[in-house]
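Visitor: The sequence and its predicted three-dimensional model are supplied below.
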Amino acid sequence: MRKLLLKNGTVINSDGVHKKDILISGNSFEKISENIPVSDNYELIDVENLYIFPGIIDTHVHFREPGLTHKATIETESKAAIAGGITSVIDMPNTLPFADNLEKIQQKKYIAQQTSYVNIGFFVGATANNLSELINFPKNEVAGIKLFLGKSTGNVSVNKIEYLQELFQYSYLPIVVHAENEDLIEKKIKEYKATYGKNIPFKYHCFIRSKEACLEATKMLIELAGKYNTSLHILHISTFEELELLQNFLNSNITAETCCHYLWFSNDDYEKYNGFLKCNPSIKFNTDKEKLRKFLSTDLIFSIASDHAPHTIEEKLKPYFECPSGLANIQHSFLSVLELYHLGFISLTDIAKKMAYNPAMKFKIKKRGRIKEGYYADLAVVDLNSKTFVEKDNIFSKCKWTVFKDFTFNSKIKYTILNGKIVYENGNIIENKNSMLLDYEQ
């Protein structure tokens, strides 16, 4: 097999920007240097004026398989991922059946090995009855444990304090949490139902799944993780107050993720998008959007993910209570964060840090997240001076919609390289499937 040489590119790592050549041999980076001589034995790509990022690692996706394949499949959504410069994902457990034990995780792995176009790992889900299994889960099978404090797609939630204390005390795996207080949500549902019946306007979603519901849950989680020194990752932060709660926990085992949609939309947009903007936790207020953008330059936001959660167009057109929560955005999440670079909210090195290096570090993903000799050769090669217009015809997700439809981004994904092979080039999926299951450090 010929080696692949990327010449004259600008390499972006979490620790700096450097003009480098990259030589790839097999599935790994062989050499990264200022000048690697061209050889007839190399396949050469001139990447002059292009920016080379570590393959983006999205640790929060819902690929819907098994059981919900009318919405999406691992195959379709993994194609959307590589089209967006994403080379590794970690899939959530709320499929059918709910992935709460080793057998169900292995079933998902089997499907992924046959069909995934992207490197993939999985979270095992917490239920009221599997505490012992979670604490004793076999090594190197999953990235962590997913805990729903508030009900979302799948209606699985665990909030008994005795259960949580034991889980946080004894789990060796990182715990990732959907942090909303279910009691406060139920109270708000009753209030708005009394006024509007079943047809609650979508603009009230941010009041039903409120700031208070997020803050109460996040406070409790921080206390638990602080008490037991648990590796905790709070998912999809939607309010600036939650980040302020974390100010005393920088450089600790407690970290937080936000998602691209919280950085781009606010309650002002519900009138335009209606059910297509409905997600959990809800998109909040313009103040939250603006402050979350400003927090991007701080370590309070540890990582940025998509929370890609597709539903069919028909489902999203239904009235409030029948409309499922979740947005389809994986193909454009990286582009949307690059757009925030163009707007001055985040540096290129911080994008590499929060979308590749930090995710790999948090979940101990082996040999990914950096452009480094000996690591797996996962890359997103970007033109920061070309435009991407989002329209239905160039969406790879099965559902064929995205909240970013009709956006024009000022960057373009030129190549995605997965384990040493080009799998996406200039708008086209290369049928060169080269994915792996993710491995974790012990």
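Guide: Yes, it's here. Numbers count the residues shown, from 1 in each chain.
Visitor: Domain-wise, how is the protein divided?
Guide: Structurally, the chain divides into domains by automatic domain parsing as follows: 3-52+375-385+410-429, 55-362.
Visitor: K146 - that's part of a strand, no?
Guide: Yes - when the secondary structure is assigned by DSSP: H, G, I helix; E, B strand; the rest coil, K146 falls within a strand.
Visitor: coming back round to it: wait, which of the domains of the chain is closest to L437?
Guide: With C-beta to C-beta as the measure, domain 55-362 is the member of the domains of the chain nearest L437 (6.0 Å). To be clear about C-beta, it is placed using only N, CA and C from the backbone, and glycine gets the same treatment.
Visitor: Now do the end-to-end distance for the closest one.
Guide: Taking C-alpha to C-alpha, to the nearest Å, domain 55-362 runs 16 Å from one end to the other.
Visitor: For it, give the mean pLDDT please.
Guide: Looking at domain 55-362 alone, the average pLDDT works out to 96.
Visitor: Make 139 the starting number, not 1.
Guide: Okay, residue one is now 139; in that scheme the one you just asked about reads as domain 193-500.
Visitor: what about S270, how many residues close to it?
Guide: When counting by other C-beta atoms under 10 Å, one arrives at 10 neighbours for S270.
Visitor: quick one: which of the domains of the chain is nearest K538?
Guide: For K538, the closest of the domains of the chain is domain 193-500, at 7.1 Å, according to C-beta to C-beta.
Visitor: Give me the distance from that closest one to the chain's centre.
Guide: Distance of domain 193-500 from the chain centroid (C-alpha atoms, centre = their mean, to the nearest Å) equals 8 Å.
Visitor: Buried deepest among the domains of the chain, which one?
Guide: When you average the neighbours per residue for each of the domains of the chain (mean count of other C-beta atoms under 10 Å), domain 193-500 leads with a mean of 20.
Visitor: how close does the residue minimising distance to the centre of the chain get to T233?
Guide: Centroid check for the chain by C-alpha atoms, centre = their mean gives A443 as the closest residue, at 2.9 Å. Using C-beta to C-beta, to the nearest Å, A443 is found at 18 Å from T233.
Visitor: Surely the residue nearest to the centre of the chain touches C397?
Guide: Yes - the pair A443 and C397 passes the contact test of C-beta atoms under 8 Å, sitting 5.5 Å apart.
Visitor: what touches both of these two?
Guide: Common neighbours of A443 and C397, counting by C-beta atoms under 8 Å, 6 or more residues apart in numbering, are 198, 374, 471.
Visitor: and of the residues you listed, the nearest to E186?
Guide: For the shared contacts of A443 and C397, the residue nearest E186 by C-beta to C-beta is S471; the value is 26.8 Å.
Visitor: Give me the phi and psi angles of that closest one.
Guide: phi -70, psi -50 (degrees, to the nearest 10).
Visitor: mind listing what it touches?
Guide: Shown in contact with S471 (C-beta under 8 Å, 6+ apart): 196, 222, 224, 397-398, 442-444, 446.
Visitor: Could you rerun that using 6 Å?
Guide: 398, 444 (C-beta atoms under 6 Å, 6 or more residues apart in numbering).
Visitor: separation between it and F483?
Guide: In this structure, S471 and F483 are 15 Å apart, going by C-beta to C-beta.
Visitor: Same question for C461.
Guide: According to C-beta to C-beta, C461 stands 31 Å off from F483.
Visitor: K559 now?
Guide: K559 sits 33 Å away from F483, taking C-beta to C-beta as the criterion.
Visitor: got it, and F501?
Guide: In this structure, F501 and F483 are 25 Å apart, going by C-beta to C-beta.
Visitor: Please apply the same query to V541.
Guide: Counting by C-beta to C-beta, the gap between V541 and F483 amounts to 19 Å.
Visitor: ditto for E395
Guide: E395 is 17 Å from F483, where distance means C-beta to C-beta.
Visitor: just V519 next, same as before
Guide: Here the criterion is C-beta to C-beta. By it, V519 lies 23 Å from F483.
Visitor: elements contacting the top helix by length along the chain?
Guide: Ordering each helix of the chain by length in residues (DSSP state H) puts helix 349-366 first. Using 3 or more C-beta pairs under 6 Å, 6 or more residues apart in numbering; DSSP states H and E as the contact criterion, the neighbours of helix 349-366 among helices and strands are helix 299-308, helix 320-334, helix 378-383.
Visitor: could those be laid out in CSV, adding distance to K454?
Guide: Output for the helices and strands packed on helix 349-366, formatted as CSV (distance: least, C-beta to C-beta, whole Å):
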stretch, distance to K454
helix 299-308, 33
helix 320-334, 19
helix 378-383, 27
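Visitor: contact partners of stretch 398-410?
Guide: Counting contacts by C-beta under 6 Å, 6+ apart, the residues outside stretch 398-410 that touch it are 340-341, 344, 376, 415, 421, 423-424, 427, 430-431, 465, 471, 474.
Visitor: quick one: which two of those are the most distant?
Guide: The span of the contacts of stretch 398-410, defined through C-beta to C-beta, is set by K341 and S471 at 24.3 Å.
Visitor: Please, where are all the helices along this structure?
Guide: Using DSSP H, the helices of the chain run over residues 212-221, 240-253, 269-273, 299-308, 320-334, 343-346, 349-366, 378-383, 408-411, 424-433, 451-454, 471-480, 486-490, 496-500.
Visitor: export those to a markdown table and tack on distance to N146?
Guide: Formatted as a markdown table, the entries for the helices of the chain read as follows, by distance: least, C-beta to C-beta, whole Å:
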| stretch | distance to N146 |
| --- | --- |
| helix 212-221 | 24 |
| helix 240-253 | 35 |
| helix 269-273 | 49 |
| helix 299-308 | 49 |
| helix 320-334 | 53 |
| helix 343-346 | 47 |
| helix 349-366 | 45 |
| helix 378-383 | 39 |
| helix 408-411 | 42 |
| helix 424-433 | 33 |
| helix 451-454 | 43 |
| helix 471-480 | 20 |
| helix 486-490 | 17 |
| helix 496-500 | 27 |
